[in-house]
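Enquirer: What shape does this take:
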Amino acid sequence: MRDFQTAHHDDTGKSMPVSERFYLADAVFVAGLGGDEDLLVQLLAAVRNPVFLPFLGRRSCPPSRNIDLGLHPGAELAATLAAHE
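Expert: The predicted structure follows:
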């Protein structure tokens, strides 16, 4: 996705240079966390009940699917990630 961004300097109102940004579309990424189970439970609760809508790079780019794959207590992180599509 191609995007142009413009800005104005707060003090002078002068226009800042236009910046052109590119964002991936239709990409799939998987990330996993390992560690203390109590902390992971808290993090999962926060992901499932966010204060703000999750987005990927820009607010206009929300995830198209759920962003959590659940908890896998006692499982090896690398093996769990390898088992997902």
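
Enquirer: Show me which helix runs longest in this structure.
Expert: In terms of residue count, the longest helix belonging to the chain (DSSP state H) is helix 37-48.

Enquirer: next structured bit after it?
Expert: Moving toward the C-terminus from helix 37-48, the next helix or strand (DSSP states H and E) is helix 77-83.

Enquirer: mind listing what's buried in that next one?
Expert: Within helix 77-83, the residues that qualify as buried are Thr80, counting by 16 or more other C-beta atoms under 10 Å. Backbone N, C-alpha and C define where each C-beta goes, glycine included.

Enquirer: repeat for stretch 65-78
Expert: Buried, per 16+ other C-beta under 10 Å, within stretch 65-78: nothing.

Enquirer: Could you export the longest helix of the chain as CSV, CA atoms only?
Expert: Extracted in CSV, the C-alpha atoms of helix 37-48 (Å, rounded to 0.1, in the frame of the first residue of the first chain):
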residue,chain,number,x,y,z
GLU,A,37,2.8,-18.3,32.6
ASP,A,38,1.1,-15.7,34.9
LEU,A,39,2.6,-12.9,32.8
LEU,A,40,1.5,-14.6,29.5
VAL,A,41,-2.0,-14.9,30.9
GLN,A,42,-2.1,-11.2,31.6
LEU,A,43,-0.7,-10.4,28.1
LEU,A,44,-3.3,-12.6,26.4
ALA,A,45,-6.1,-10.9,28.4
ALA,A,46,-4.7,-7.5,27.3
VAL,A,47,-4.6,-8.6,23.6
ARG,A,48,-8.1,-9.9,23.8
